[in-house]
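Engineer: Make a model of this:
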Amino acid sequence: MNTVKVRKTEIGSGKPKVITPIVGKSAQDILDKAKSFVGTKIEMCEWRVDFYEDVFNTPAVLDTLKKMRGILGDMPIIFTFRTQKEGGELPIEMAAYTALNTAVAQSGDADIIDVEIFSGDDVVNGLIGNIHAAGAYVIGSNHDFHKTPDEDDLVSRLRKMQDMGADLLKIAVMPKSARDVITLLSATENMYTNYAKQPLVTMSMSATGVISRLSGEAFGSAISFGALGKTSAPGQIPVDKLSEVLEILHNSMN
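Structural biologist: Take a look at the predicted model:
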């Protein structure tokens, strides 16, 4: 399986990387949060721009992103507009979604752009092409906040992301039982063992699915999301505790 080298961080090698979202509303909130990341166990930052009050003002987005880059230095930044249909804060037309993500990729200040893989094949193919042409990476994503699809469906979704050219493959689902968590972990292992050429990022959300955030390395997931204050999804746990458990598991396995 390929790894993805982003600045000084290699995703898909070693223990899963700890990533924390920024979900501030104002530019000042966002920048203050970025400052709080410095000197912590956080290895990557995700800017959930759909929370930002000026998200539809592209120059303001790019200005705030540039300031974030100055604060975070070589910490990889994922830029994510999570659409309302996949659990985000706001709806957005696909033309605007494409334009915003393309502009951010071209700025050079975000390393990885999140692309919701079921936004229409024409839209996704065009956007992935734009992002790669700008020299940024793509994390293909899919979220289900209502249920956990069956294993074959989960593997099929991850394979589609890979086939469409995503550099990282992410899926997050909602469990209704412990059995659903097992389904997600089994699908992750199946994809990792049999099909994956790119690093996987998988999680089962809510308290029921916390084990998926802790045990990812054992099944093939290369990133785990932790919280520093406000969370962006159910089941995220504090960064320090997450990092400690990931380190213990990694050392035990290796």
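Engineer: So for stretch 28-39, what gets flagged as buried?
Structural biologist: For stretch 28-39, burial by neighbour count (16 or more other Cβ atoms under 10 Å) applies to 29, 30, 31, 33, 34, 37. To be clear about C-beta, it is placed using only N, CA and C from the backbone, and glycine gets the same treatment.
Engineer: Could you list the residues in contact with the helix or strand the second one falls within?
Structural biologist: If you go by DSSP states H and E, residue 30 is part of helix 27-37. Helix 27-37 is contacted from outside by 20, 22, 24, 45, 47, 52, 54, 60, 63-64, 67-68, 71-72, 75, 228-229, using Cβ atoms under 8 Å, 6 or more residues apart in numbering.
Engineer: From the chain's centroid, how far away is it?
Structural biologist: 19 Å (Cα atoms, centre = their mean, to the nearest Å).
Engineer: hey, C-alpha coordinates of that helix in PDB?
Structural biologist: Only the C-alpha atoms of helix 27-37 are listed here, as PDB (Å, rounded to 0.1, in the frame of the first residue of the first chain):
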ATOM      1  CA  ALA A  27     -11.700  34.200  12.000                       C
ATOM      2  CA  GLN A  28     -10.400  35.100  15.400                       C
ATOM      3  CA  ASP A  29     -11.900  31.900  17.000                       C
ATOM      4  CA  ILE A  30     -10.300  29.800  14.300                       C
ATOM      5  CA  LEU A  31      -6.900  31.400  14.700                       C
ATOM      6  CA  ASP A  32      -7.000  31.200  18.400                       C
ATOM      7  CA  LYS A  33      -7.800  27.500  18.100                       C
ATOM      8  CA  ALA A  34      -4.900  26.900  15.700                       C
ATOM      9  CA  LYS A  35      -2.600  28.600  18.300                       C
ATOM     10  CA  SER A  36      -3.800  26.100  20.900                       C
ATOM     11  CA  PHE A  37      -2.600  23.200  18.700                       C
END
